[in-house]
Every structure is written in C-alpha cells, then in structure tokens.
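**Q** what follows is a predicted protein model with its sequence.
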Amino acid sequence: MKKRSLIIIIGLILIAGGIFYFYKAGVLFKQKSAEPVKTEAVSGAEVTEEQETPSVEISPEKQQLIGVKIAEASLKPLQKVIRTVGRIEYDERRLATVNTKIEGWIEKLYVDYTGRYVKKGEPLAEIYSPELIATQQEFLNVMKWKSGAINLSKDADTLIEAARQRLRLWDITDAQIKKIEETGKPIRTLMIFSPVSGYVIQKAALQGMRVMPGEKLFDIADLSTVWVVSDIYEYELPLIKQGQKAKITLSYFPGKEFPAAIDYVYPSLSGETRTAKVRFTIANPGGMLKPQMFTNVEIRIDMGKKLVIPEDAVIDTGVRQIIYVDKGEGYFEPREAMVGIKAEGMVEIIKGVKAGEKVASSATFLIDSEAQLKGVKPLEGHKH
C-alpha cells in the first residue's frame, strides 16, 4: 500500500515538472519570436525621427509681439542699380598738338594766352626761318631754269615737283606755293594754322622765342564732346558691360540729365581702391561741362526674372546663410540657403527655398535666438 502511494506521488511530481518545462519553453519561444518585431518597430521609429525636419515654435501672440513679418518667395524681374561718381575729362580723341617742322623764330604771335577759343584754320603764329627762305629760293631758281631749258623740260618738271613737295612737307600750303610762283618772291615767314576748333589748353609759344623741329607750341582741345570717367568696385565689375545705358547728373545743373552709354571698360584695377574705371562720352552743347567737374552716375542693369525674397530674411553667419521657412501653425523651419545677387532690397535665392514658400522677413534674429536656445539647427545636407 505504501509502495503504491509512493509511485503515485512520484508520477505527480514528474507530470508537474513536465508541465513547467513546456510552459517555460513556450514563453521563451514567444519572446524570441517577438524580438524581431520589437527590433523592427524601433528601427522604424529611428527612421521617422531622422526624416523629421527640425523646427522652432513661435506662438502667434509672440510673433506679433516681436514683429515677425512673412514674405513669399516668388519670381520677379530684378534690376540692379549701381551708383557712383564720375569726373569730366577731355576727350583724348579730340586733342591736337601744334608744332613746327623747321627751325626758326616766332616773329608774330596771334594767340597769346591759354584758354582762348580758336577756329579750325585760324592763324596761331608766324615763324621766320632762313632755311625755309633758302628752299623757296631754290624752287624759284628751278622755275626760271625751266623757262630757259628747252630740251630738258621733263627733267625740269621733275625738279620743280620735288621742290614743291619739299615745301608741302614743311607745311607750306598749295595756296602759298601758288603765290610764290606768281610773285616770284619767297614768303618771309611760315604761317602756323590751327588744325581743329577748340580751346588752347597749353601754350608754350612766346613772342620772339626760337623753335626747333618737333617742338610743341600749342595744345588745343575740342570740347564739343567730353568724357566722364567713373570708378566701379571690383565686386560689381562682372555686371558691367560695354554699351550699358547710364544717367549722368551734376549738382551744378539741378534737374538736368545727360543720357550716356558705357564706351569702354579699362583693363586695369587700382590696387589702393580696388576699383576699375569705366568711360562715357557725352555731348557738351555750349561748353557747359568743364573738365574736372564731378558728376553723379547711375547705371541700371536688367538682371531678368529671379527667385527672390527680402534681403532681411537672410541671416549671414559668416560661414553660411540661414532662412526660416514658415511651416504654419507657428512653426518655422531653419534652412541653409545659397544666395545670388542683391538688388532693390531683395536677394536672389539659388538654393534653399522654392517659389511659393513663405519665409520670415523680419525679426529673423529673434527667431534665430529662440532656435539656438532650443538647439534647433538646419539639417546637414538637407535639400529643398
């Protein structure tokens, strides 16, 4: 009887142990089966977190308090205006120098002061030259020899033409040569005439002075047109091209504008001012524009349609440019932008925002301060 009871007790213990074993095995199986699901859920959460863009929340009441304004990024025609100063100078193409090709003495001076206006062909001075008189006398002797040389008329003609050409090279006019032929007497003095109409800006000639071949006597400037030379900063040079229109004004003539176009962009740059010179040519009716006068120059450049936002919407950190895009419901997303040209209070956006998106255009530094306090920064390499 006791032996039977012992067998029953042992059997119950074995059954209980088997149940416990299978129960534990089932729990472990379930846990192992659930682990991949749990891992997959965590991984999905991490992906969602990585894709979530950072943003800073500014309540509407706070936006109104700090003066936040919203502007829309849009395509607009952009016009760059460059304002600078200019200086009136002589048109170098209308400058003339008067000199002589013979040695002699100024016997009579018609223009005796600097600044006088002279017309083209007007006499400036008379020069006495013994060499010139000797050449004229040779010319007259050849003329006489021709009249007596019957069989050598061709040779005589050649000599006469050579003598006549020599007088021309010394600036003796055909009218003067004809007068020498008709009168049979040499001209005592050589008359110097003005080659252009203009103002005498330099006078080296003096009454009675000796002059040598090539020596400068007068400088004459035609002021019917003048140059305006302006300085353009180095960073603006890529926008400057020959032929661009400009408006020139002077404080001496209020309300008067002189339209002009860029004639020439000088090839060199000033190392001190980091500027290059551009040149305009303008008409000078009545000689009202004087060399060395200062002018105001305004150049308007059409840049075409650009995607722009207000210039105040961009925060320049020195390393990159940051803008805050309005995502609605008080949220602003910081983005790194690439900017282009600036004009008329607007800035071109090359990368960072799309047309139609809205950005904070004022109080951006306060929004940026709030973002810095909350640790909100633009995503690295995040593209929009």
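**A** Okay, I see it. Numbers count the residues shown, from 1 in each chain.
**Q** contacts, neighbours, all on C-alpha from now
**A** Will do.
**Q** SS state for residue 195?
**A** Secondary structure for residue 195, judged by DSSP: H, G, I helix; E, B strand; the rest coil, is coil.
**Q** return the per-residue confidence for it.
**A** At residue 195, the predicted lDDT confidence score is 92.
**Q** ok, it touching residue 124?
**A** No. With contact defined as CA atoms under 8 Å, residue 195 does not reach residue 124; the gap is 10.1 Å.
**Q** which residues of the stretch 101-250 of the chain score low on pLDDT?
**A** 146-155 (pLDDT under 70).
**Q** mind doing that once more with 90?
**A** Counting by pLDDT under 90, the stretch 101-250 of the chain contains low-confidence ranges at 101-102, 131-190, 235.
**Q** gap between residue 181 and residue 164?
**A** 10 Å (CA to CA, to the nearest Å).
**Q** okay, those two: which has more neighbours?
**A** residue 164 (19 against 15; other CA atoms under 10 Å).
**Q** contacts only, for the more buried one.
**A** 139, 177 (CA atoms under 8 Å, 6 or more residues apart in numbering).
**Q** can you verify it is assigned to a strand?
**A** No. Going by three-state DSSP, the assignment for residue 164 is helix, not a strand.
**Q** with adjacent residues omitted, what lies nearest to the residue nearest to the spatial centre of the chain?
**A** Taking CA atoms, centre = their mean, the centroid of the chain lies closest to residue 237, which sits 2.7 Å from it. Distances taken as CA to CA, 6 or more residues apart in numbering put residue 276 closest to residue 237, at 7.7 Å, once the chain neighbours are dropped.
**Q** could you say which helix or strand holds that neighbour?
**A** strand 275-283 (DSSP states H and E).
**Q** burial count for the closest residue to residue 354 other than its chain neighbours?
**A** Leaving aside its chain neighbours, residue 354 sits nearest to residue 73 (6.8 Å; criterion: CA to CA, 6+ apart). Residues lying near residue 73 (other CA under 10 Å) number 20.
**Q** could you do the one 10 residues further on as well?
**A** For residue 83, the neighbour count with other CA under 10 Å is 16.
**Q** equivalent analysis for residue 278, please.
**A** For residue 278, using other CA under 10 Å, the count is 21.
**Q** CA atoms of stretch 268-287 as CSV?
**A** C-alpha atoms of stretch 268-287 as CSV (Å, rounded to 0.1, in the frame of the first residue of the first chain):
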residue,chain,number,x,y,z
SER,A,268,43.4,97.6,-65.1
LEU,A,269,42.4,97.7,-61.5
SER,A,270,43.5,100.1,-58.8
GLY,A,271,45.3,98.3,-56.0
GLU,A,272,44.5,101.0,-53.5
THR,A,273,40.8,101.5,-54.1
ARG,A,274,40.0,98.0,-55.7
THR,A,275,38.1,99.8,-58.4
ALA,A,276,38.3,99.8,-62.2
LYS,A,277,37.5,102.8,-64.5
VAL,A,278,34.6,103.0,-67.0
ARG,A,279,34.2,105.7,-69.6
PHE,A,280,31.2,107.5,-71.0
THR,A,281,31.1,110.0,-73.9
ILE,A,282,28.5,112.8,-73.7
ALA,A,283,27.8,115.8,-75.9
ASN,A,284,28.7,119.2,-74.5
PRO,A,285,26.5,121.8,-76.1
GLY,A,286,27.6,125.3,-75.3
GLY,A,287,30.6,124.1,-73.4
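**Q** residues contacting residue 132?
**A** By CA under 8 Å, 6+ apart, the neighbours of residue 132 are residue 102.
**Q** state the helix or strand in which it lies.
**A** Per DSSP H and E: helix 130-148 holds residue 132.
**Q** and for residue 273?
**A** Counting by DSSP H and E, residue 273 is found in no helix or strand.
**Q** now do it against residue 173, distance only.
**A** Distance from residue 273 to residue 173, by CA to CA: 51 Å.
**Q** tell me the pLDDT of residue 303.
**A** Value listed for residue 303 in the pLDDT field: 85.
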